[in-house]
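Trainee: Fold the following, please.
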Amino acid sequence: ALNPGINVVKSVEKSQIHSGDTVKYTFTVTNTGDTTLSSIAVTDPKCTPVYQSGDANSDGKLQTSETWVYTCSKALTETTVNTVVAEGTDPLGKKVTDDDTVTVTVLKPGINVVKKADKTEVRVGDKVTYTYTVTNTGDTTLSDVKVTDDKCSPVTYKSGDTNADNKLQKTETWVYTCSKALTETTVNT
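Mentor: So this is what the prediction gives:
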């Protein structure tokens, strides 16, 4: 009695990307049974797999000793869950299939800053303190957050990193300040 079997493992080089980035999927197909398989088909409804390598004796049949590799690349704009199916047929005509699923998350980062001055009118030489309130408006945590002002420095972090991880979560509001004595009407960004 024949015991045919097929296995497919789908992997992706990056499981998190930005909208429009291209991901490369790799599909690794092995024969897990005890007999050679023919009519090998690898299908993915969201990306067309292309055979790369593995048919060591070039006979178009998947021997138990071979590993066939397929790849495909696709630009994604939304988080995508997709499944690949590998199919083969044993010498007596029995079809065997296997599937594997991978999720690629499309990150949509966003940041917002609101700037306020403690005074909007001052005498020459008076000090103005600017407050910068920074929030995460995207769908992912942000790191390396920096606030700069073209006419006031240094901008100093004051508060908001509630878990002290140096990453701006969607639930946090970070506050920065900068003070400067002004000698003329000033518009700064």
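Trainee: Okay, Pro4 and Tyr51: tell me how far apart.
Mentor: 20 Å (Cβ to Cβ, to the nearest Å). Every residue, glycine included, has its C-beta placed from N, CA and C.
Trainee: and the two? which has more neighbours close in?
Mentor: For Pro4 versus Tyr51, neighbours defined as other Cβ atoms under 10 Å are more numerous around Pro4 (20 against 14).
Trainee: For that one, give me its contacts.
Mentor: Shown in contact with Pro4 (Cβ atoms under 8 Å, 6 or more residues apart in numbering): 33-35, 37, 88, 90, 94, 96.
Trainee: just Thr83 next, same as before
Mentor: So Thr83 contacts 10, 44-45, 99-101 (Cβ under 8 Å, 6+ apart).
Trainee: circling back: so among the contacts of Pro4, which ones count as buried?
Mentor: Applying 16 or more other Cβ atoms under 10 Å to the contacts of Pro4, the neighbour count classes 33, 35, 37, 88, 90, 96 as buried.
Trainee: And the helix or strand where the fourth one lies, what's buried?
Mentor: With elements taken from DSSP states H and E, the one containing Gly88 is strand 80-89. Counting neighbours by 16+ other Cβ under 10 Å, one finds that the buried residues in strand 80-89 are 80, 82, 84-89.
Trainee: Give me the lowest-pLDDT entry from the residues you listed.
Mentor: For the buried residues of strand 80-89, the weakest pLDDT value sits at Asn82, with 92.
Trainee: doesn't Pro45 make contact with it?
Mentor: Yes - applying Cβ atoms under 8 Å, one finds Asn82 in contact with Pro45, separated by 6.6 Å.
Trainee: In a markdown table, list the buried ones among the contacts of Pro4 along with distance to Thr156.
Mentor: Listed next are the buried ones among the contacts of Pro4 as a markdown table, based on distance: Cβ to Cβ, whole Å:
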| residue | distance to Thr156 |
| --- | --- |
| Gly33 | 66 |
| Thr35 | 71 |
| Leu37 | 66 |
| Gly88 | 64 |
| Asp90 | 71 |
| Val96 | 65 |
